[in-house]
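Asks: after the sequence you'll find the predicted model.
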Amino acid sequence: MRGERGAAPPSPRGPFSRLYRSEPLSLGKDRQTSIATELSTAFEHHRVGRLERAAAIYRKILNKAPDNPDALHLLGVIALGDRRPERAIQLIGRAVAVSPRSAEAYSNLANAQYAAGRPAEACASYRRATDLNPKFAAAHNNLGRLLCDEGDFAAALESCERALEIAPDLPEAQNNLGNALRGLGRWEASEAAFRRALQLQPDNAMLHANLGNLLGDLKRFEEAQASYRRAIEIDAELAVAHYGLAGCLRSLGDLVAAAESYQKVLSLTPNQTLTPNQAFVWNDLGRTLRSLGRFEEAVAAFRQSQAVNPEFGEAYRNLASCQQLAADDHNLARLSALAERQDLPIEERSAAGFAMGKVLDDADRFEEAFLAYERANRIYRDSRAAVGERFDAAELHREIDETIATFDSPFLRRSSIGGAPPSCPYSSLACLAPGRASWSRSRPAIHGCSVRGNSGKSGILPNNSTP
């Protein structure tokens, strides 16, 4: 997040509009009056963004009254805005222990828990906030965003719809509704939600990027490209928009521009809170460079992807396809262990299995290779069967025909791989899972919006406004 480090200036409709009071403390009347005055002063500093002054007064209050929930809560909000979520959890957790009926405090506690990578706790805290205040639109919205990020799109849809019942013109809720509908495959309704959000907030870069993601799903790549470029016009450093644009350009066959966009993402992500997964970006850059015939650079990118995330199966599979993984005991044991890891995504487990098969195949250990391929296919097949999908031979033929049509002679000439044989050979079909084309395009991640006091990048940040 660029600009001043710290919490966004709070909306007058948010928790700062009414400082909730703690239970009566054993303080003299004059001392209570002094604390109330100091809280009002600190609140004014906080409201206009003078965070250091506000924090100093909150600490002064806590020196006098260590259990004052107002000071604990609002000091926690500042800590969260300063990217110290664990400290925020400590402070706001103490506040709700003293004053357990503050919906605003529970909502900000949830924000901190989610920022700290504790989504189950955050979900419980958001639900507690909405139980205490059923008309708390921001808490419903932020819960919807969390559930989208966790892949529970049906529950996310319910939360977003509830937020919009309360606040129909809340653009963040419209955005998250679009994400939930996208996750459920309800494309037309998702597009309508994103476009409604953009009507409410036309200069929000993240909304344009999310619309681009949806249009990319629908293979409306020219429209998707326009959405990503509009997002970048608004915020030139929005990494997720550059990442979406890169995938879109790759699908349109403009591989040179796609590689440049992936490199732009990698130059931006170290300084941003909301970023694409760097292992995915390096891997996608490698795939693009490989398609351009720049094999040494491609291998370096795949290795960087592997270094960023040693459990990323796709990086191993791409290195294997470039014959850059030796069939030694260390690599084989690593790939076998990854394929069996129940806590990893199915796609990563199967990719590790296919990589193992390719490595063994290249080493002329054909029987072992066959067993590795069989295991990888079984992992992938069983995962699809669990969600009601079965192998469809006609669909596979359609995908292969589409691939052949895409990678035609003009495409190969544009990609500079239609001439001499590559110096780094690779097999594109050796690792083909049932019903899954090997030339897959990474799907841009869903990016939700939590309610903030000002416009900007999405993210779970303090300040939960109610209408």
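Replies: Done, it's in.
Asks: C-alpha from now on. contacts and neighbour counts both.
Replies: Will do.
Asks: residues in contact with the nearest residue to Ala155 once chain neighbours are set aside?
Replies: Nearest residue to Ala155, sequence neighbours excluded (Cα to Cα, 6 or more residues apart in numbering): Leu147, at 6.7 Å. Applying Cα atoms under 8 Å, 6 or more residues apart in numbering, one finds that Leu147 lies in contact with 153, 155-156.
Asks: any idea which helix or strand carries Leu147?
Replies: helix 137-149 (DSSP states H and E).
Asks: how far does that helix sit from the chain's center?
Replies: 14 Å (Cα atoms, centre = their mean, to the nearest Å).
Asks: same question for stretch 324-331.
Replies: On Cα atoms, centre = their mean, the centre of stretch 324-331 falls 32 Å from that of its chain.
Asks: identify all contacting residues around that stretch.
Replies: Outside stretch 324-331, the residues that reach it (Cα under 8 Å, 6+ apart) are 299, 316, 319, 359-360, 363.
Asks: pLDDT on it, on average?
Replies: Taken as a whole, stretch 324-331 has a mean pLDDT of 94.
Asks: now swap in stretch 277-297 and tell me
Replies: 95.
Asks: longest helix anywhere in this structure?
Replies: helix 366-386 (DSSP state H).
Asks: buried sites along that one?
Replies: 369-370, 372-373, 375-381, 383-384 (16 or more other Cα atoms under 10 Å).
Asks: circling back to that earlier point, go through the contacts of stretch 324-331 and name the one nearest Arg182.
Replies: Comparing the contacts of stretch 324-331 against Arg182 with Cα to Cα picks out Tyr316 as the nearest, at 29.8 Å.
Asks: tell me which element Glu86 falls in.
Replies: Counting by DSSP H and E, Glu86 is part of helix 85-98.
Asks: my bad, should have said Asp343
Replies: Using DSSP H and E, no helix or strand contains Asp343.
Asks: phi and psi next, for it.
Replies: phi -90, psi 0 (degrees, to the nearest 10).
Asks: sketch out the helices for the stretch 151-300 of the chain, chain order is fine.
Replies: Listed in chain order, the helices of the stretch 151-300 of the chain (DSSP state H, counting those that start in this stretch) span 153-166, 171-183, 187-200, 205-217, 221-234, 239-251, 255-268, 278-291, 295-308.
Asks: now do the domain split for this structure, please.
Replies: Here the domain parsing of the chain from automatic domain parsing is 1-117, 277-391+405-443.
Asks: coming back round to it: residues in contact with the longest helix of the chain?
Replies: Helix 366-386 is contacted by residues 339, 346-347, 349-354, 356-361, 390-391, 431, 433-434 when judged by Cα under 8 Å, 6+ apart.
Asks: before we move on, back to that, and the helix holding Glu86, C-alpha only, in PDB?
Replies: Extracted in PDB, the C-alpha atoms of helix 85-98 (Å, rounded to 0.1, in the frame of the first residue of the first chain):
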ATOM      1  CA  PRO A  85      -1.800  -7.600  13.000                       C
ATOM      2  CA  GLU A  86      -0.600  -9.700  15.900                       C
ATOM      3  CA  ARG A  87      -0.200  -6.600  18.000                       C
ATOM      4  CA  ALA A  88      -3.700  -5.500  16.900                       C
ATOM      5  CA  ILE A  89      -5.100  -8.900  17.900                       C
ATOM      6  CA  GLN A  90      -3.600  -8.500  21.400                       C
ATOM      7  CA  LEU A  91      -5.100  -5.000  21.900                       C
ATOM      8  CA  ILE A  92      -8.500  -5.500  20.300                       C
ATOM      9  CA  GLY A  93      -8.800  -8.900  22.000                       C
ATOM     10  CA  ARG A  94      -8.400  -7.200  25.400                       C
ATOM     11  CA  ALA A  95     -11.000  -4.600  24.300                       C
ATOM     12  CA  VAL A  96     -13.700  -7.300  23.500                       C
ATOM     13  CA  ALA A  97     -12.800  -9.100  26.800                       C
ATOM     14  CA  VAL A  98     -13.700  -6.000  28.700                       C
END
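Asks: many thanks, I have nothing further to ask.
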